[in-house]
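>>> sequence below, structure please.
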Amino acid sequence: MKCPHCEGILPSIKCEFCGGETPEESIYCYLCGNLIKRESPKIDISERIPCSDGNCVGTINEDGVCSICKKPYREDLH
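Prediction:
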């Protein structure tokens, strides 16, 4: 589909309701306003490490700190 502003080519998907093309990342159809249904990505939580702070709901990221409170992981608290 062409961008209505710059005429560039945008990756698009087909609306299940009206059959028109709408930008790939749209939440609603560009033409009819219908909600675009998306598959939820499957998330594997089996290897996540919860934050060692008992009040935080974050997980430890690849840097060894909590994704929310930024505290370093402490193995002695688990």
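
>>> so what's residue 1 up against?
Listed by C-beta atoms under 8 Å, 6 or more residues apart in numbering, the contact partners of residue 1 are 9-10, 12, 21-23, 30. In this view, the C-beta of every residue, glycine as well, is placed from N, C-alpha and C.

>>> now render those as a markdown table, adding secondary structure and distance to residue 40.
Shown next, in a markdown table, are the contacts of residue 1 (DSSP: H, G, I helix; E, B strand; the rest coil; distance: C-beta to C-beta, whole Å):
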| residue | secondary structure | distance to residue 40 |
| --- | --- | --- |
| 9 | strand | 28 |
| 10 | coil | 24 |
| 12 | strand | 21 |
| 21 | strand | 23 |
| 22 | strand | 20 |
| 23 | strand | 20 |
| 30 | coil | 22 |
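
>>> any of those residues buried? List them.
Among the contacts of residue 1, the ones that count as buried by 16 or more other C-beta atoms under 10 Å are 10, 12, 21-22, 30.

>>> what packs against the helix or strand of the chain with the lowest mean pLDDT?
Scoring the helices and strands of the chain by mean pLDDT, DSSP states H and E places strand 21-23 at the bottom, with a mean of 90. Applying 3 or more C-beta pairs under 8 Å, 6 or more residues apart in numbering; DSSP states H and E, one finds that strand 21-23 contacts strand 12-14.

>>> ok, residues contacting the strand it packs on?
Taking C-beta under 8 Å, 6+ apart as the rule, strand 12-14 contacts 1, 20-24, 26, 36.

>>> so what pLDDT did residue 17 get?
With respect to pLDDT, residue 17 has a value of 92.

>>> coming back round to it: partners of the least confident helix or strand of the chain, with directions?
Paired strands of strand 21-23, with direction, are strand 12-14 (antiparallel) (DSSP bridges).

>>> so how far is the strand it pairs with from its chain's centroid?
Here strand 12-14 is found 19 Å from its chain centre; the criterion is C-alpha atoms, centre = their mean, to the nearest Å.

>>> can I assume residue 76 sits in a strand?
No: counting by DSSP: H, G, I helix; E, B strand; the rest coil, residue 76 is not part of a strand but helix.

>>> give me the domain ranges for the protein.
1-38, 41-73 (automatic domain parsing).
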